[in-house]
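sequence first, predicted model second:
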Number of protein chains: 2
Amino acid sequence: MSKVVGVAAEATTYRDSSGRTLADYPRPSVAVDTALLTVTEDRLSVLLTLTEDAARGGKAEWRLPGTFIHEGETLAGAVLRSLRDKAGVEGLAPRQLHVFDDPSRDDRGWVLGVAHLDVVRADRLPESDRTRLIPISELPPLKYDHASIVEFAVAALRADYRRMPDAAGLLEPPFTLRALRHLHEAVLGERLLPDTFRRSMTPMLIPTGELSRDGRGRPAELYRPRAPGAV
Amino acid sequence: MSKVVGVAAEATTYRDSSGRTLADYPRPSVAVDTALLTVTEDRLSVLLTLTEDAARGGKAEWRLPGTFIHEGETLAGAVLRSLRDKAGVEGLAPRQLHVFDDPSRDDRGWVLGVAHLDVVRADRLPESDRTRLIPISELPPLKYDHASIVEFAVAALRADYRRMPDAAGLLEPPFTLRALRHLHEAVLGERLLPDTFRRSMTPMLIPTGELSRDGRGRPAELYRPRAPGAV
DNA sequence: CGAATAGTGTCTGTGAGACAATATTTA
DNA sequence: TAAATATTGTCTCACAGACACTATTCG
């Protein structure tokens, strides 16, 4: 039998009931693609990059940052690596969304795509001519099934924000209820009543006693998120 | 470079910016494992199988049915194949739950495990000496991370049943509210008040006008599930 | 003082939980 | 008729939405 390159060494030790090893069966390439969401100028936005094809004379197309998973690496590790390499962002917490498995979804071959969501404050995203922050209400056509990934990601993030204050940590504590409400309005894409919002959020916030003196009117109290599960 | 066997043919056509093809990078094996849930004797149960190791003198261990994905096959296709081959069940609707990606989770090598949930009526599950239906409250130790998969699956199914009547179609319509309530009690693992349950479910049910004459007391009306999204 | 913003009082409607009453059948 | 089950009435509580009012600051 021909020699097999580029596969896990340990995979050659195990033999199944037919005497075959894992390496004797075809394996898919596995990619991770990440919808990196953030809020800029009160709008929920996603980080897009230009395809490499553009650099080689092909048509420029927008896509989500992604990469193929390496041996010995977790999916989250691959996501962090791709975000570092393609967007220059560090230290995030990727969340797995869905595996896209249509055998013909990638014209390069048999590729499973594991969609991820990650969230980061916009000020930690460096500007670049290969990447851009686009409001999710103004998405251009995306390559592969990346538009579906953005849909999954937005739905997941909105569910989080309906459940608790600043689930993704986009706000630096302590913050005012006004700032928190503006953030939620951006994420959810709808206006919220200040009094209803306050009453629904205060059980999950700890008042600091300090006041914010930013705006014109009466100073607002500053809050910190309460540890989830606490009374 | 050495010849590569057992990989997608098309994968050799595409070359990336470094001139490499997909086949030049190591790829993981991808397995699907399925928690096949059902209700027997008013208890939520899962289908377990004995590991092949047992047949070859190894220690007998319980696991979920699973298989490696084949080329050109979808994940759902692999799940259906594994359930047909290992449990003799046909015609289900697998639902993707989560990818388990710990590089050391499988001692045979680098294997990603895509956990799935599927649901079927117990009477369609043939008896076998290699498979068993075990109530989820009495699970034995499971191989790999299969105990986590069962947890994911149970949580997903319970969320479905909290949302709508018989989300998985375990009941043959038309059915009485009593039968539906017993089913929900089995899935959720808790008692439900008959009147509260009725009022929460009737908006999603269509009364047939027919009556059931099974039990002793006043006959119960028979209902069919309303198409989701309808008024 | 007046504008602006923060925060509270309170009314209303909705829906879940709970208990009680009524309805219809079989033994 | 008595027991069993189905179905409805209704009370209470909690909470979201909505509007109005009070509180505190800056210019």
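Thanks, I have the structure now.

what's the neighbour count on A:Gly58?
Neighbour count of A:Gly58, defined by other C-beta atoms under 10 Å in any protein chain shown: 10. To be clear about C-beta, it is placed using only N, CA and C from the backbone, and glycine gets the same treatment.

just the pLDDT at the nearest residue to it once chain neighbours are set aside, thanks.
Leaving out its chain neighbours, the residue that sits closest to A:Gly58 by C-beta to C-beta, 6 or more residues apart in numbering or on different chains is A:Thr51, at 7.2 Å. We have a pLDDT of 83 for A:Thr51.

now the angle between strand B:29-40 and the longest strand seen in chain A, please.
With DSSP state E setting the assignment, residue counts place strand A:29-40 as the longest strand in chain A. Using axes from the mean of the first three to the mean of the last three C-alpha atoms, to 10 degrees, one finds that strand A:29-40 and strand B:29-40 are set 80 degrees apart in direction.

send me the helix or strand just after strand A:29-40 as CSV with only the CA atoms.
Following strand A:29-40 in sequence order, the next helix or strand is strand A:43-50 (DSSP states H and E). Written as CSV, here are the backbone C-alpha positions of strand A:43-50 (Å, rounded to 0.1, in the frame of the first residue of the first chain):
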residue,chain,number,x,y,z
ARG,A,43,-24.9,49.2,14.8
LEU,A,44,-24.3,45.5,15.0
SER,A,45,-21.5,44.7,12.5
VAL,A,46,-19.5,41.7,11.3
LEU,A,47,-15.9,41.5,10.2
LEU,A,48,-15.4,40.6,6.5
THR,A,49,-12.2,39.9,4.6
LEU,A,50,-11.4,39.8,0.9
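
quick one: mean pLDDT over whatever helix or strand comes next after strand A:43-50.
Using DSSP H and E, the next helix or strand after strand A:43-50 towards the C-terminus is strand A:62-63. For strand A:62-63, mean pLDDT is 95.

who in chain A is up against DNA strand C?
Contacts of chain A with DNA strand C, taken as C-beta under 7 Å from any atom of the strand, map to A:176-178, A:194-195, A:198, A:215-221.

now render those as TSV, adding secondary structure, pLDDT and neighbour count.
As requested, the residues of chain A next to DNA strand C are arranged in TSV below (DSSP: H, G, I helix; E, B strand; the rest coil; pLDDT from 0 to 100; neighbours: other C-beta atoms under 10 Å in any protein chain shown):
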residue	secondary structure	pLDDT	neighbour count
A:Thr176	coil	96	18
A:Leu177	helix	97	19
A:Arg178	helix	96	15
A:Pro194	helix	96	11
A:Asp195	helix	97	8
A:Arg198	helix	97	15
A:Gly215	coil	75	10
A:Arg216	coil	83	4
A:Gly217	coil	89	6
A:Arg218	coil	93	6
A:Pro219	coil	95	12
A:Ala220	strand	95	16
A:Glu221	strand	96	14
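
what about the nearest residue to A:Asp160 once chain neighbours are set aside, how many neighbours?
Spatial nearest neighbour of A:Asp160, excluding adjacent residues (C-beta to C-beta, 6+ apart): A:Ala167 at 3.7 Å. Neighbourhood size, A:Ala167 [other C-beta under 10 Å]: 18.

just put the residues of chain A next to DNA strand C in CSV and tack on distance to B:Ala156.
Shown next, in CSV, are the residues of chain A next to DNA strand C (distance: C-beta to C-beta, whole Å):
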residue, distance to B:Ala156
A:Thr176, 37
A:Leu177, 34
A:Arg178, 37
A:Pro194, 36
A:Asp195, 36
A:Arg198, 33
A:Gly215, 45
A:Arg216, 49
A:Gly217, 47
A:Arg218, 47
A:Pro219, 46
A:Ala220, 40
A:Glu221, 40
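
closest one of those residues to B:Arg108?
Distance to B:Arg108 across the residues of chain A next to DNA strand C (C-beta to C-beta) is lowest for A:Leu177, with 53.6 Å.

contact partners for that closest one?
Neighbouring residues of A:Leu177 by C-beta atoms under 8 Å, 6 or more residues apart in numbering or on different chains: A:194, A:197-198, A:201-202, A:205, A:220-221, A:223.

cool, thanks, talk later.
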